[in-house]
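Chemist: got a sequence here, can you build the structure:
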Amino acid sequence: MFTRASNVWESSAKTPEEAKLLELKAQMMIVIRGLITSKGWNQVEAAKQLKITQPRVSNLTNGQVSKFSLDSLYEFLAICGYNFELNFVDGIPSIEAKDVA
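Modeler: Here you go, the predicted structure:
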């Protein structure tokens, strides 16, 4: 018998708290990926701007959530000239990037 999860993070996390953390990190990564695209950066330029290696940019753009901490993702947003606003609606986190430049 299979247990149905309401989202992919619930099925891969050990606890509901871990699932929410994974979802938050994934949403931050989506925002960062969008910022990289909107700035017209290729992976090499993004690596230079974010002060990481090109393989790390690849991890980021391919959604490898487990490879990044919340701190590093927040730092990437700040480097891109953005801050983020975290909201919870019915216990579900959402991220909105705001231009602070």
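Chemist: going by C-alpha atoms from here, please, whenever you check contacts or count neighbours.
Modeler: Will do.
Chemist: what ranges in this protein fall below the confidence cut-off?
Modeler: Residues of the chain meeting the criterion pLDDT under 70: 1-13, 95, 97, 100-101.
Chemist: in it, which spans are strands?
Modeler: For the chain, the strands defined by DSSP state E cover 82-89, 92-99.
Chemist: pipe these into a markdown table and attach mean neighbour count and distance to L50 per row.
Modeler: Shown next, in a markdown table, are the strands of the chain (neighbours: other C-alpha atoms under 10 Å; distance: least, C-alpha to C-alpha, whole Å):
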| stretch | mean neighbour count | distance to L50 |
| --- | --- | --- |
| strand 82-89 | 13 | 13 |
| strand 92-99 | 14 | 16 |
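Chemist: so which residues of this protein form helices?
Modeler: Counting by DSSP state H, the chain has helices at residues 8-12, 16-38, 43-50, 54-61, 70-79.
Chemist: nearest to D90, of these?
Modeler: Nearest of the helices of the chain to D90, taken as C-alpha to C-alpha: helix 16-38 at 11.8 Å.
Chemist: if we can go back for a sec, turn the strands of the chain into TSV, including distance to L73.
Modeler: TSV is the format used below for the strands of the chain (distance: least, C-alpha to C-alpha, whole Å):
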stretch	distance to L73
strand 82-89	10
strand 92-99	12
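Chemist: which one, of the helices of the chain, ends up nearest to S94?
Modeler: Minimum separation from S94 across the helices of the chain (C-alpha to C-alpha) falls at helix 16-38, 6.9 Å.
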